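1. Sequence and predicted structure below; questions after.
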Amino acid sequence: MKLKLKYTFFILFSFLFGAGLMSGAFYGIEYIKNLDKKDISVEANVVEATKVETPKYYFVKEPSNELKVSAKAYLVGDLDTGEVIISKNEKDRHPIASVSKVMTAYVAKELSDEKDVATATKRALDTYGKNGNFRVGEKIKTNDLLYALLLESSNDASEILAEHFNRENFLSKMNQVAEKIELTDTYFKDPSGLSKDNQSTAFDLFKLVGYLHNEASDLFKITTQRNFNNKIHSWFSNNQFLTKEGYLGGKSGYTDPAKETVVSLFSIPLSENGNRNVAIALLQSNDRYKDVERILNFLKNNIYYGGKKDASSIWVMERAGVPHIKEPDFVTLLFAGDMMLDRGVKNSVNKNMNGDYAELFENLNILKEADITFANLEGPASDQGIDRRNLYSFRMNPETIPAIKSSGIDVLSVANNHAGDWGRDAFVDTLKRLKENEIYYTGGGTNRQEAEEPVIIEKYGMKIGYLGFSDVGPDWLGVNENAGILLAKDTRFGEIIKNASTKVDHLIVSFHFGDEYKIIHNTRQEYLAHKAIDNGAKLVIGHHPHVMQDTEKYKDGFIAYSMGNFIFDQGFSENTMQGMLLQIKLWRNGDIGTQKNVVKLDKTFKPDKVILGKEEEIKFKILKTTKIEIPKEKSN
């Protein structure tokens, strides 16, 4: 890591940045000429040099403090001055995935006029992914498509826009803009970012967002919105940073070659008298959310922008006492119960929340505070399939998935009795949509091999695995050569768990099992949970009874038999209008700390408050079963 910090007086003449470090990235840009259909003008931003009476500069509290992030390359810079604050491998080229859509949006915006209307072709809709939910032949305003592009990261929207302006010419214009603003290591092969040939560097991405921050800030304002409705479509943001303090916008992406990528803009307090606008560009990250969070904490605790006199102020001295960030020896895991966003929940969202599913999660910042958050998705989220006419048949609006992603949920179990309510087509479509929105799923797959492979998430050098089973069917959806779910009655049950446990440091096994509305687990649940731990599981997490059940320490593992409801429409009892949010602190050596928080639903089925439980350390010496107690209200 290079700390590009100024310890001497730094006079901020704008022309120095234009000719120096940023090579004209923010200022003095020429016009782009001779483009087909309409010229895209990258206007010169002429700034006169002015005398700065009080020189400003960045300084670091403790240069030896090390910033640890998973990204292979990153850069953090000041959007207003162009100064690079900290960086690592910022000139290394990597695939950028859906961060490409920032350029796609800019080019489309410059080519469009207010009345421009595009048509969704079959070719465009054959692109990987279904976010946007367009129909072949549908006509959409190009300005509206920017919302689907930037909120839901719709690949279809990117292709519809590119085709509307002649795809070949559109891509040529994307690369011409890159050339004109001197993104020397940037190239676009497609408008969506699906191609591994869409590549850039953290340095170039900083220059790009710096330019757009000045010339097209309205694009970033779109990315700060929770949703957009054009009377035909409602598009919901899947942005993880939406509720973060000081967030000014940005775009993230993921493909296997690119890993997790992001450009994020923030206004943060780096001086006593005001905030600084900074951009963070990350490439090849294993966990963009935690990386950005660590960078923000590092900046707030270690970096100061001001004059020489200000460096000794009380404000700076107070910040100097903040310890630097160290990699923890534990992973924080959060587990929620049954989440069903159809039927009464859907009706309530439409009636009371203006159709905004993200509002369901607005009191649940706790979901993002954990390193990994898990829940059970009670049914498909799709517009495909045929209703099998079960007694209770659920199919959630696919628009719920971006909202679930933005809430902070990382892993969903799809192994439950409602997974097949609308047939195999809806189930498969749900898996595709979860993957498109970067949500891991366990308990099922497109074939047996995928279903038996645990979800593996690495945190702080520890590999955490997730595996799921249903003990309540549907049996016809049991996975084989076709897509389906893992059943607890599978003859290879123990072998599947044992194989998964060898691939991770700690394995979590999820079960959809037990008797509905019973607060004590039954013998079948105990048998399966014990067998899972005997075969290598560290934690067993249960759901299905719709009420919270007891917990148990067994050998070197911990069992929570039922989490109860997380978001459901069962307003007929107090027990079904609350659920456990179990927080586990899992140490590198296998020790466990637990905190049994309780989430309460209001009459609209929205999580209203979280009652924090008591933190307890688990010692694996005495076998003991405990009842779940509702903690007294302490904090939300």
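-> Yes, it's here.
2. Could you list which residues are in contact with the spatially closest residue to residue 562 that is not a sequence neighbour?
-> Closest residue to residue 562 apart from its sequence neighbours, by CB to CB, 6 or more residues apart in numbering: residue 549 at 3.7 Å. C-beta coordinates here come from the backbone N, C-alpha and C atoms, glycine included. The contact partners of residue 549, by CB atoms under 8 Å, 6 or more residues apart in numbering, come to 514, 518, 519, 520, 521, 542, 560, 561, 562, 564, 628.
3. Just the buried ones from those?
-> With neighbours counted by 16 or more other CB atoms under 10 Å, the contacts of residue 549 contain buried members at 514, 519, 521, 542, 560, 561, 562, 564, 628.
4. Adding pLDDT, secondary structure and distance to residue 367, write those out as TSV.
-> Formatted as TSV, those follow (pLDDT from 0 to 100; DSSP: H, G, I helix; E, B strand; the rest coil; distance: CB to CB, whole Å):
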residue	pLDDT	secondary structure	distance to residue 367
514	98	coil	24
519	97	coil	25
521	98	coil	26
542	98	strand	19
560	98	strand	17
561	98	coil	22
562	98	coil	19
564	98	strand	16
628	54	coil	20
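5. Among these, which one sits closest to residue 348?
-> For those, the residue nearest residue 348 by CB to CB is residue 564; the value is 19.0 Å.
6. which residues does the nearest residue to the closest one once chain neighbours are set aside bridge with?
-> Among residues not flanking residue 564 along the chain, residue 579 sits closest, at 3.5 Å (CB to CB, 6+ apart). Note on residue 579: beta-bridge partners by DSSP bridges are residue 564, residue 599.
7. where's residue 579 relative to residue 437, distance?
-> Going from residue 579 to residue 437 by CB to CB, to the nearest Å gives 23 Å.
8. When these two are compared, which one has more neighbours?
-> Shown here are residue 579 and residue 437; by other CB atoms under 10 Å, residue 579 has more neighbours (29 against 22).
9. OK, contacts around that one?
-> 336, 337, 338, 548, 563, 564, 565, 566, 598, 599.
10. ok so, going back, so the residue nearest to residue 564 versus residue 562, what's the distance?
-> 9 Å.
11. Likewise for residue 504?
-> Residue 504 is 24 Å from residue 562, where distance means CB to CB.
12. My guess is residue 390 contacts residue 421. True?
-> Yes - at 5.6 Å, residue 390 counts as touching residue 421 under the criterion of CB atoms under 8 Å.
13. neighbour-wise, which of those two wins?
-> Legend: neighbour count by other CB under 10 Å for residue 390 and residue 421, higher for residue 421 (24 against 13).
14. wait, isn't that one in contact with residue 393?
-> Yes - checked against CB under 8 Å, the pair residue 421 and residue 393 is within contact range at 4.4 Å.
15. so what sits against both of those two?
-> With CB under 8 Å, 6+ apart as the test, residue 421 and residue 393 both reach residue 387.
16. the domain parsing of this structure - what is it?
-> Following automatic domain parsing, one gets these domains for the chain: 2-99+185-320, 330-626.
17. which of the ones you listed has the lowest average pLDDT?
-> Confidence, taken as mean pLDDT, is least for domain 2-99+185-320 of these (a mean of 77).
18. thought residue 464 was touching residue 500?
-> No - between residue 464 and residue 500 there is no contact under CB under 8 Å: 11.6 Å.
19. Please list all residues in contact with the residue lying closest to residue 197 once chain neighbours are set aside.
-> Of all residues not flanking residue 197 in the chain, residue 189 sits nearest, at 3.8 Å (CB to CB, 6+ apart). Shown in contact with residue 189 (CB under 8 Å, 6+ apart): 171, 195, 197, 198.
20. in a helix, that's where residue 189 is, yeah?
-> No - using DSSP: H, G, I helix; E, B strand; the rest coil, the secondary structure at residue 189 is coil, not a helix.
21. Ramachandran angles for it?
-> Here is the backbone geometry of residue 189 (degrees, to the nearest 10): phi -100, psi -30.
22. Looking at the contacts of residue 579, which is nearest residue 494?
-> The nearest one, if we look at these relative to residue 494 and count by CB to CB, is residue 563, at 23.9 Å.
23. The closest one against residue 338, yeah?
-> Yes - counting by CB under 8 Å, residue 563 does reach residue 338; the two are 7.5 Å apart.
24. Looking at these two, which has the bigger crowd around it?
-> A direct count of neighbours by other CB under 10 Å for residue 563 and residue 338 places residue 563 higher, at 30 against 27.
25. and the closest residue to that one other than its chain neighbours, how many neighbours?
-> Nearest residue to residue 563, sequence neighbours excluded (CB to CB, 6+ apart): residue 337, at 3.2 Å. Other residues near residue 337 come to 30 when the count uses other CB under 10 Å.
26. Check which helices and strands the helix or strand where residue 456 lies is in contact with.
-> Element membership for residue 456, per DSSP states H and E: strand 455-459. If you count contacts as 3 or more CB pairs under 8 Å, 6 or more residues apart in numbering; DSSP states H and E, strand 455-459 packs onto strand 440-442, strand 462-470.
27. For residue 79, which residues are in contact?
-> Listed by CB under 8 Å, 6+ apart, the contact set of residue 79 reads 209, 210, 213, 265, 277, 278, 279.
28. Which residue comes closest to it once chain neighbours are left out?
-> residue 277 (4.2 Å).
29. and the one you found, which of the three is it?
-> Applying three-state DSSP: residue 277 is strand.
30. That one and residue 214: what is the separation?
-> For residue 277, the distance to residue 214 - CB to CB - is 11 Å.
31. From residue 96, how far off is residue 200?
-> Counting by CB to CB, the gap from residue 200 to residue 96 is 5 Å.
32. that older thread, please report how far the residue nearest to residue 562 lies from residue 601.
-> From residue 549 to residue 601 the distance is 18 Å (CB to CB).
33. One more: residue 423?
-> In this view, residue 423 and residue 601 are 30 Å apart by CB to CB.
34. Neighbour count for the two, which is higher?
-> Each of residue 423 and residue 601 has its neighbours counted (other CB under 10 Å); residue 601 has more, 23 against 19.
35. Next, the contact list for residue 346, please.
-> 396, 397.
36. So it versus residue 200, what's the distance?
-> Separation of residue 346 from residue 200 (CB to CB) stands at 40 Å.
37. so the most centrally placed residue in the chain, which of the three states?
-> Residue closest to the mean C-alpha point of the chain, counted by CA atoms, centre = their mean, is residue 240 at 4.2 Å. The assignment at residue 240 comes out as coil when based on three-state DSSP.
38. In the stretch 301-450 of the chain, mark out all the helices, start to finish.
-> For the stretch 301-450 of the chain, applying DSSP state H, counting those that start in this stretch gives helices covering 314-320, 343-352, 366-369, 400-407, 423-436, 448-452.
39. out of those, which comes closest to residue 86?
-> helix 314-320 (16.6 Å).
40. Tally up the residues packed near the nearest residue to residue 73 once chain neighbours are set aside, please.
-> In this structure, residue 73 finds its nearest non-sequential neighbour in residue 89, 4.0 Å apart by CB to CB, 6+ apart. A count of neighbours around residue 89, defined by other CB under 10 Å, yields 18.
41. same check, this time on residue 415
-> The local packing of residue 415 (other CB under 10 Å) involves 31 other residues.
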